[in-house]
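In: Below are the sequence and a predicted model; questions follow.
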Amino acid sequence: MHNANPRLIFEVFKEIGIIEQLSRAQLEARLPDGLIAPQFAVLSHLSNRGDGAVPIDMARAFQVPKTSMTHTLKGLAAKGYIELRENPKDGRSKTVWLTQKGRDLLEDVISRMGPHLVAMMSSLDLEKLAEMLPTLIALRKYLDAARD
């Protein structure tokens, strides 16, 4: 075990937080009116994990109350980005499915982000960024496992 430097660790998390704030602003500038980054994150989550998610599991993944997730899902369903279906395993709950409109929105936003991302990456060392990725993944996994 190495000596932990709390100041260094704090500075790393501070930078990660600032990066999150700035990247969220860039994302939200490219979202359609009425859609915010947390809603887009739900669509991205569904795209990554696959259809059929249960809202309570999504609430846990996002670390929000079930009522907040339910509100977010209802808003996305009203816009046609997701579909809520009866859960075949439990008639009291729903499952969440990404619609084609939701998939198209994800692709459109990613396309609109493209020029910004390319410009940003042209000023960074991509090899160093790639070297950081395993550490960031390990940090995320640790924090994810330690949250309960």
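Out: Nice, I can see it. Residues are numbered from 1 along each chain as shown.
In: Restricting to C-alpha, output the longest strand seen in the chain in PDB.
Out: Using DSSP state E, we find that the single longest strand of the chain is strand 90-98. This file holds the C-alpha atoms of strand 90-98, laid out as PDB (Å, rounded to 0.1, in the frame of the first residue of the first chain):
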ATOM      1  CA  ASP A  90     -44.200  -8.700 -11.800                       C
ATOM      2  CA  GLY A  91     -47.500  -7.100 -12.800                       C
ATOM      3  CA  ARG A  92     -47.000  -4.300 -10.400                       C
ATOM      4  CA  SER A  93     -44.000  -2.800 -12.100                       C
ATOM      5  CA  LYS A  94     -43.000  -1.600 -15.500                       C
ATOM      6  CA  THR A  95     -40.000  -2.200 -17.800                       C
ATOM      7  CA  VAL A  96     -38.400   0.500 -19.800                       C
ATOM      8  CA  TRP A  97     -37.700   0.300 -23.600                       C
ATOM      9  CA  LEU A  98     -35.900   2.700 -25.800                       C
END
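In: got a list of contacts for that strand?
Out: Outside of strand 90-98, the residues within contact range by Cβ atoms under 8 Å, 6 or more residues apart in numbering are 43, 46-47, 51-56, 58, 73, 81-88. For glycine as for every other residue, the C-beta is placed from the backbone atoms N, C-alpha and C.
In: hmm, 6 Å instead?
Out: 46, 51, 52, 53, 54, 82, 83, 84, 85, 87 (Cβ atoms under 6 Å, 6 or more residues apart in numbering).
In: and these as a markdown table, adding secondary structure, distance to residue 140 and pLDDT?
Out: Listed next are those as a markdown table, based on DSSP: H, G, I helix; E, B strand; the rest coil; distance: Cβ to Cβ, whole Å; pLDDT from 0 to 100:
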| residue | secondary structure | distance to residue 140 | pLDDT |
| --- | --- | --- | --- |
| 46 | helix | 19 | 95 |
| 51 | coil | 23 | 88 |
| 52 | coil | 24 | 91 |
| 53 | strand | 19 | 93 |
| 54 | coil | 22 | 94 |
| 82 | strand | 24 | 98 |
| 83 | strand | 29 | 97 |
| 84 | strand | 28 | 96 |
| 85 | strand | 30 | 95 |
| 87 | strand | 28 | 89 |
